[in-house]
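Q: sequence first, predicted coordinates after that:
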Protein chains: 2
Amino acid sequence: VREDDVVAAIRAIVEPAGAAKKLILGIGDDAALWQPSRSHRSAITTDALVEGVHFSRDLMSLYDAGWRAIAANASDLAAMGARPVLATVALGVPLEADEAAIVELYRGIAAAAATAGLTIAGGDLTRAPALTIAIAAVGEVRASNVKTRSGGRPGQVLAVTGALGAARAGLAVARDPGALSGELGAAALAAFRRPQARCAEGQFLAASRNVEAMMDLSDGLSTDLARLCEASGCGALLSAVPVSESARAVASGRSEDPEQFALAGGEDFELLVAVRPRAFDYLAGRFALRFGRPLHRLGALREGSGIAFVRDGREEPVARTGWDHFEPAEARA
Amino acid sequence: VREDDVVAAIRAIVEPAGAAKKLILGIGDDAALWQPSRSHRSAITTDALVEGVHFSRDLMSLYDAGWRAIAANASDLAAMGARPVLATVALGVPLEADEAAIVELYRGIAAAAATAGLTIAGGDLTRAPALTIAIAAVGEVRASNVKTRSGGRPGQVLAVTGALGAARAGLAVARDPGALSGELGAAALAAFRRPQARCAEGQFLAASRNVEAMMDLSDGLSTDLARLCEASGCGALLSAVPVSESARAVASGRSEDPEQFALAGGEDFELLVAVRPRAFDYLAGRFALRFGRPLHRLGALREGSGIAFVRDGREEPVARTGWDHFEPAEARA
């Protein structure tokens, strides 16, 4: 049972049940959009972290787990170009957890929320067999700035807001501190334990009418780009994959291909955009001025379907090697 | 560790972290309120159901579990006087669950959502050790109609939108079908498995300026009224507890006091209101005309703290005997 298949079955049940006039964009994008008043769009997203599936306490603290839960939701809002407003937290806590553990988790939640600009507006607390953090986050976006996954068209330039693979490298370092030491090791751990949602970047890119599609990279570029291509009805040809220094170091230590390592790395939370080709250089220049980092050109969308990567003049097909959160935890690395 | 104590600790962490100007009402009420534009208030709530804690498949179907998860959230919106708009669903699914199980659960979610007027706007699907349904629901309410738990004052009349104890009676029948047979047994099971959130009643009561406080009864009148009293800084004297016929029958079969049985019964999802005393008869008359059911008078708020129940001219203290979702499941009945 693949996550995307179950989601399709769920859509078939849920969509006929109530097509609210106010709902602009429903299941299948990073967040749903509705219209509380004529001039406003609100975005809502939900994302849950489960201990033993998404995190384990031998690899990160509960503070980090709370941080990541907020960051994942803030990133979904960033992908819609929305300004984060508030979040609710439904917490499932095992019997053996004490108040100190809940407090540590909430400190991480509060810190990440403050960084993203999210106010914790409410919550639910219950017993559960595994620590479960289910968050829903609401943001706001101008109607004219809304970007979805389905706006991609052949010819548009694909780009990402940062180098990839650092979170996956950090997971490797958390498992085996010998995998990468020094500053690069610390940077990888930080990328894994305290990811930064690209909220400011998302609002900046959403404000440009030359950005035609946007999504966040939560399950790895190979998986998420395939979703953007599917939603946009086209294929993609990659000519460069920006690999973070730490990912390159971990991959070479394992004698793995660094680009493949980065393509499969989940939870980088960088934003993936499709940009009108003539406007790309101008947009990338403004992006670099504003954020002090490049907007990395990956390649372009094209007719057809599927993703390929050009290396040494040859096209290699790119398989969906990223994370499927519906797979058993053991299947992931 | 009591749920309300942990919530207090969480508030202390979360509230200084970001006091959004747009947030009107934060943690501690049935739902949080924010202000997407000057004329609008949006309400958001979250509530999670965990298999083995809130439901078990020998007592209800997965369809029922999905229904109840939506009903609990819709009821929180009803308690704010809000019109339900949309919901997100974060579903945690054990490895052994197949697609048919997820589909059945979602059918219950979709049916309850359609009944409440909620559009399912998005979701998240993940593996989890126990089936977990974490829902966030958004509604809208006119600024002038907002009712909270803290508006109660001594002298106001306390009332509920329906007789109590039916859901608890239904739990007893689900466990032992011999506890109550026939139509009453079926009604009790329906109250337990397919509770109805009082959304229309909530909007009606919220529109009256004579209603000063409102909340929904999810954990039992004895627990929830204590929360309203605490938030409003007063006590309460009950003179009548409306007991549903099925609850009366199950209680008498167990030789239990029917009022005590109903006071402790959770998940009735009726609304509890505090009403200006002079306006009560007029409001109750309009309520009965509109809904074909009485607005049951319970008693009144008074100076001081704590809840008492007058029987045969004597005041008996009422202990918090309702459900604390943070207690282990075995502690509940």
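A: Structure's in. What do you need?
Q: now do the contacts for residue A:136.
A: Residue A:136 makes contact with A:44, A:45, A:46, A:73, A:87, A:88, A:90, B:44, B:46, B:88, B:90, B:136, according to Cβ atoms under 8 Å, 6 or more residues apart in numbering or on different chains. Placement of C-beta: from N, CA and C, glycine included.
Q: before we move on, what about residue A:196?
A: With Cβ under 8 Å, 6+ apart, residue A:196 has these contacts: A:71, A:115, A:269.
Q: that older thread, quick check, nearest of the contacts of residue A:136 to residue B:176?
A: Taking Cβ to Cβ as the measure, residue A:90 is the one of the contacts of residue A:136 closest to residue B:176, at 31.5 Å.
Q: strands paired with the helix or strand containing that closest one, and their directions?
A: Per DSSP states H and E: residue A:90 is located in strand A:83-93. Sheet pairing of strand A:83-93 (DSSP bridges) gives strand A:119-127 (parallel), strand A:132-142 (antiparallel).
Q: show the average pLDDT along it.
A: Taken as a whole, strand A:83-93 has a mean pLDDT of 92.
Q: who touches the closest residue to chain B within the stretch 151-300 of chain A in this structure?
A: Taking Cβ to the nearest Cβ, chain B has its nearest neighbour within the stretch 151-300 of chain A at residue A:218, 10.5 Å off. Shown in contact with residue A:218 (Cβ under 8 Å, 6+ apart): A:72, A:75, A:76, A:224, A:266, A:267, A:269, A:323.
Q: where's the dip in pLDDT among those?
A: Lowest pLDDT among those: residue A:323, 58.
Q: report pLDDT for the nearest residue to residue A:143 once chain neighbours are set aside.
A: Leaving aside its chain neighbours, residue A:143 sits nearest to residue A:41 (5.2 Å; criterion: Cβ to Cβ, 6 or more residues apart in numbering or on different chains). pLDDT for residue A:41: 85.
Q: buried residues, stretch A:84-99. List them.
A: Within stretch A:84-99, the residues scored as buried using 16 or more other Cβ atoms under 10 Å in any protein chain shown are A:84, A:85, A:86, A:87, A:88, A:89, A:90, A:91, A:92, A:93, A:97.
Q: farthest pair in those?
A: A:85 and A:97 (29.4 Å).
Q: in the stretch 101-250 of chain A, which spans are strands?
A: A:119-127, A:132-142, A:157-160, A:211-216, A:235-238 (DSSP state E, counting those that start in this stretch).
Q: re earlier: you'd agree the residue nearest to residue A:143 is up against residue A:141?
A: Yes. With contact defined as Cβ atoms under 8 Å, residue A:41 counts as touching residue A:141 (5.0 Å).
Q: what is in contact with those two at once?
A: Shared contacts of residue A:41 and residue A:141, counting by Cβ under 8 Å, 6+ apart, come down to A:33, A:82.
Q: buried residues in stretch A:174-183, which are they?
A: For stretch A:174-183, the neighbour count (16+ other Cβ under 10 Å) marks A:174, A:179, A:180 as buried.
Q: so the residue nearest to residue A:143: helix, strand or coil?
A: Secondary structure, DSSP: H, G, I helix; E, B strand; the rest coil: residue A:41 is strand.
Q: I'd say residue A:166 and residue A:248 touch.
A: No. The criterion here is Cβ under 8 Å, and residue A:166 misses it with residue A:248 at 9.9 Å.
Q: what about these two, which has more around it?
A: residue A:166 (29 against 19; other Cβ atoms under 10 Å in any protein chain shown).
Q: hmm, back to that, ok, of the strands of the stretch 101-250 of chain A, where does mean pLDDT dip lowest?
A: Among these, strand A:119-127 carries the lowest mean pLDDT, a mean of 87.
Q: please save the CA atoms from that one in PDB.
A: Included here for strand A:119-127 are C-alpha records, laid out as PDB according to Å, rounded to 0.1, in the frame of the first residue of the first chain:
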ATOM      1  CA  THR A 119       1.200  31.300  17.700                       C
ATOM      2  CA  ILE A 120       0.200  28.100  19.400                       C
ATOM      3  CA  ALA A 121      -3.500  28.700  19.600                       C
ATOM      4  CA  GLY A 122      -4.800  25.500  21.200                       C
ATOM      5  CA  GLY A 123      -4.200  21.900  21.700                       C
ATOM      6  CA  ASP A 124      -5.300  18.500  22.800                       C
ATOM      7  CA  LEU A 125      -3.600  16.200  25.200                       C
ATOM      8  CA  THR A 126      -4.300  12.500  25.400                       C
ATOM      9  CA  ARG A 127      -2.700   9.100  26.200                       C
END
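Q: and it, how far out from the chain's middle?
A: 23 Å (Cα atoms, centre = their mean, to the nearest Å).
Q: what are the ranges of the helices in the stretch 151-300 of chain A?
A: Assigned by DSSP state H, counting those that start in this stretch, the stretch 151-300 of chain A shows helices spanning A:166-175, A:182-193, A:199-206, A:221-232, A:245-253, A:258-263, A:280-291.
Q: just say which of those is most tucked in.
A: helix A:166-175 (a mean of 26; mean count of other Cβ atoms under 10 Å in any protein chain shown).
Q: mind giving me the packing neighbours of it?
A: helix A:182-193, helix A:245-253, helix A:258-263 (3 or more Cβ pairs under 8 Å, 6 or more residues apart in numbering or on different chains; DSSP states H and E).
Q: in a markdown table: those, plus mean pLDDT and distance to residue A:29.
A: Shown next, in a markdown table, are the helices and strands packed on helix A:166-175 (pLDDT from 0 to 100; distance: least, Cβ to Cβ, whole Å):
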| stretch | mean pLDDT | distance to residue A:29 |
| --- | --- | --- |
| helix A:182-193 | 96 | 25 |
| helix A:245-253 | 96 | 27 |
| helix A:258-263 | 95 | 22 |
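Q: isn't residue A:154 up against residue A:277?
A: No. Residue A:154 lies out of contact with residue A:277 (Cβ under 8 Å); the separation is 10.3 Å.
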